[in-house]
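*Asks:* Curious how this folds, go ahead:
(one chain, ligands or ions: 1)
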Amino acid sequence: MKVAFFDMHRFEKKAFDEVNTRFGHEITYFESRLTPETAKLASQFPAICAFVNDRLNEASLTILKSEGVRLIALRSAGFNHVDLCAAQKLALPVVRVPAYSPHAVAEHAVALLLALNRKITRANSRVRELNFSLEGLVGFDLFGKTVGILGTGKIGTVMATIMKGFGCNVLAYDLEPNPDLITLGVQYVQLDEIYSRSDVISLHIPLNETTHHIINEASLAKMKPGVYLINTGRGGLIDTKALITSLKHGHLGAAGLDVYEEEENIFFQDLSESCLQDDILARLLTFPNVLITSHQAFLTHEALVHIAETTLENISSFEKNGLLMNEVRL
Ligand code: NAI
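*Replies:* Next comes the predicted model:
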């Protein structure tokens, strides 16, 4: 099938090219992000493939439909960037990759936590300048600390299991508790208890109307002073302005962020020769106790191969018999 890939990056192309030798789709890669302005590139393509910062709003979807697109294949798990209501109205099916490597994301959350706690980036810069002083590098043992996990689906479950391995007490909050985690000794509690008891809080819930800005001024105020907040979920889970206020007051101990609510026009791009226009992100970058990565938690070899396999299989099923594997619906 002819497929137009939007927002394609070199790091993923290799996996798609290799895996596609088994599927034989006619792929055209576009570096442009999908927006209403670029949607016309999809003309002549019955399927398009989009990533997390492509804008699948009503305007883009309407153009895609009028250009003859019949399938939207997301090469991501999250689908908060798709106007599903508009897609359904236009009878444009949307499929996704529900799981590619929960380990990749959970391990990155742990990497952020360890790097922040043990001041790894600061220590590395110092040592390179031949400054071998230990002042300002004191961390804490994770053993015996309480870790609160919001969302114990695929990724949160791996995160909880890893934290148990560190000897942490793990608290969790989810609409549907996972019995395997209860057996492992994870305690499901209400949100307020997570906030008041946790030394570390890690976010693994999807972004939707209920969870938007779940971390806000009120919830931050309920957290223990010095708490470490890790977000590999979605930027919109956190009210960034409230986060900055909490950091400025020294209430929040540290923040490890792989996602940012306004990342769409920034992440995945090399802006090193331009001037950062986002003042909120610029402020965040000034805190020594904030560590930001640009939505790379998923980025392991295993995950990329999995993403390519599932995406191309989703497209093949649709092409062969109209079957919508891994469809996302309202
Ligand atoms: P999942 O669907 O397996 O788990 C989500 C869990 O959250 C479920 O157990 C669900 O019951 C729970 N949940 C949903 N709404 C809730 C609410 N209002 N309150 C409490 N619990 C709620 O999803 P998975 O695979 O674990 O991924 C989680 C999120 O991680 C994704 O939605 C995505 O946004 C993000 N993600 C980030 C990546 C990155 O590279 N930074 C890569 C992949 C996913």
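*Asks:* residues touching the residue of the chain at minimum distance from the ligand, list them.
*Replies:* Using C-beta to the nearest ligand atom, the single residue of the chain nearest to the ligand is residue 153, 1.7 Å away. Heads up, the C-betas are built off the backbone N, CA and C, glycines and all. If a contact means C-beta atoms under 8 Å, 6 or more residues apart in numbering, then residue 153 has 174, 204-205 as its contacts.
*Asks:* Excluding sequence neighbours, find me the nearest residue to residue 194.
*Replies:* Of all residues beyond its chain neighbours, the one nearest residue 194 is residue 148 (3.7 Å), with distances taken as C-beta to C-beta, 6 or more residues apart in numbering.
*Asks:* ok, now residue 290?
*Replies:* Closest to residue 290 by C-beta to C-beta, 6+ apart is residue 255, at 4.9 Å.
*Asks:* Pull up the residues of the stretch 151-300 of the chain that are close to the ligand.
*Replies:* When proximity is defined as C-beta under 6 Å from any ligand atom, the stretch 151-300 of the chain approaches the ligand at 151-156, 173-176, 204-207, 210-211, 232-234, 258-259, 295, 297-298.
*Asks:* quick one: contacts for residue 168?
*Replies:* Here residue 168 is in contact with 142-147, 200 (criterion: C-beta under 8 Å, 6+ apart).
*Asks:* quick one: which of those residues sit in strands?
*Replies:* Counted as lying in strands by DSSP state E, out of those, are 146-147, 200.
*Asks:* wait, residue 204 sits on residue 147?
*Replies:* No - assessed by C-beta atoms under 8 Å, residue 204 is found out of contact with residue 147, at 11.7 Å.
*Asks:* For the stretch 151-300 of the chain, which segments are assigned as helices?
*Replies:* Assigned by DSSP state H, counting those that start in this stretch, the stretch 151-300 of the chain shows helices spanning 154-165, 179-183, 191-197, 217-222, 240-248, 279-284.
*Asks:* go on, the stretch 1-150 of the chain?
*Replies:* Counting by DSSP H, counting those that start in this stretch, the stretch 1-150 of the chain has these helices, from start to end: 10-23, 58-66, 84-89, 102-117, 120-128.
*Asks:* Format those as JSON lines; extra columns: mean pLDDT, distance to the ligand and mean neighbour count.
*Replies:* What follows is the helices of the stretch 1-150 of the chain, written out as JSON lines (pLDDT from 0 to 100; distance: least, C-beta to the nearest ligand atom, whole Å; neighbours: other C-beta atoms under 10 Å):
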{"stretch": "helix 10-23", "mean pLDDT": "97", "distance to the ligand": "12", "mean neighbour count": "15"}
{"stretch": "helix 58-66", "mean pLDDT": "98", "distance to the ligand": "20", "mean neighbour count": "20"}
{"stretch": "helix 84-89", "mean pLDDT": "98", "distance to the ligand": "14", "mean neighbour count": "16"}
{"stretch": "helix 102-117", "mean pLDDT": "98", "distance to the ligand": "5", "mean neighbour count": "21"}
{"stretch": "helix 120-128", "mean pLDDT": "97", "distance to the ligand": "19", "mean neighbour count": "13"}
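*Asks:* Including distance to residue 290, could the ones you listed go into JSON lines?
*Replies:* Listed next are the helices of the stretch 1-150 of the chain as JSON lines, based on distance: least, C-beta to C-beta, whole Å:
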{"stretch": "helix 10-23", "distance to residue 290": "25"}
{"stretch": "helix 58-66", "distance to residue 290": "33"}
{"stretch": "helix 84-89", "distance to residue 290": "33"}
{"stretch": "helix 102-117", "distance to residue 290": "8"}
{"stretch": "helix 120-128", "distance to residue 290": "11"}
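*Asks:* Mind checking those for the one nearest to residue 315?
*Replies:* Closest to residue 315 of the helices of the stretch 1-150 of the chain is helix 10-23 (C-beta to C-beta; 7.6 Å).
*Asks:* what helices or strands is the closest one leaning on?
*Replies:* Packing contacts for helix 10-23, counted by 3 or more C-beta pairs under 8 Å, 6 or more residues apart in numbering; DSSP states H and E, involve strand 26-29, helix 301-321.
*Asks:* Can you pull out the residues in contact with it?
*Replies:* 5, 27, 29, 75, 299, 301, 304-305, 307-309, 311-313, 315-316.
*Asks:* which residues does the residue nearest to residue 53 when sequence neighbours are not counted contact?
*Replies:* In space, not counting the residues next to it along the chain, residue 53 is nearest to residue 264; the distance is 4.7 Å by C-beta to C-beta, 6+ apart. For residue 264, the contact set (C-beta under 8 Å, 6+ apart) comprises 33, 53, 55, 81.
*Asks:* Quick one: end-to-end length of stretch 269-280, please.
*Replies:* The separation between the terminal residues of stretch 269-280, taken as C-alpha to C-alpha, to the nearest Å, is 18 Å.
*Asks:* for stretch 224-236, same thing?
*Replies:* Using C-alpha to C-alpha, first and last residues of stretch 224-236 are 22 Å apart.
*Asks:* again with stretch 256-265
*Replies:* Distance across stretch 256-265, first residue to last, is 20 Å (C-alpha to C-alpha).
*Asks:* Which residues in it does the neighbour count mark as buried?
*Replies:* For stretch 256-265, a neighbour-count test (16 or more other C-beta atoms under 10 Å) marks 256-261, 263-264 as buried.
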